[in-house]
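Peer 1: task: produce atomic coordinates for the following.
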Amino acid sequence: MACDFQSLYYGEEGYVVRCKQCGHYQVAFISTMLTLNEADFYIFCKQVKYKALQSYSNVNQDSKMIMIATPAPDVHLILTPGELTRLYKTLEEADSEIKAQELLCLFK
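Peer 2: Residues are numbered from 1 along each chain as shown. Coordinates of the predicted model:
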């Protein structure tokens, strides 16, 4: 059965969607797309948030030096500090949309 995706965030550099049937998430950012189950999606979000809240003021801002693990043991994202900030904002926007949709479901 094909996934029926619900948009949670769509922007210039990527998107976050969730399948209404299977609950899997797709996170696309720059040139990478990840398909994650719900647990892995939230682990990924926590990891991005943790890294994004670190200070990178003393490093070359154009250097791809921040590594983000994925559920695939041999696959990592390598980002600049600016890319990390944009990925974090993307995931925060998606999380806000998830919460808004959950609230709306309470009134149905």
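Peer 1: distance-wise, check the residue nearest the centre of the chain relative to L84.
Peer 2: When C-alpha atoms, centre = their mean is applied to the chain, the residue found nearest the centroid is L91 (4.3 Å). Distance of L91 to L84, given as C-beta to C-beta, to the nearest Å: 11 Å. (Each C-beta comes from the backbone N, C-alpha and C, glycine too.)
Peer 1: shared neighbours of those two, which are they?
Peer 2: Listed contacts common to L91 and L84 are V48; contacts here mean C-beta atoms under 8 Å, 6 or more residues apart in numbering.
Peer 1: same for the longest helix along the chain, what does it pack against?
Peer 2: As assigned by DSSP state H, the longest helix anywhere in the chain is helix 81-106. Secondary-structure packing of helix 81-106 (3 or more C-beta pairs under 8 Å, 6 or more residues apart in numbering; DSSP states H and E): strand 5-11, strand 14-19, strand 25-29, helix 38-52, strand 66-69.
Peer 1: nearest to L103 among these would be which one?
Peer 2: strand 5-11 (14.1 Å; C-beta to C-beta).
Peer 1: next one: the closest one to chain centre, how far?
Peer 2: 11 Å (C-alpha atoms, centre = their mean, to the nearest Å).
Peer 1: check stretch 64-72 too.
Peer 2: Using C-alpha atoms, centre = their mean, the offset of stretch 64-72 from its chain centre is 12 Å.
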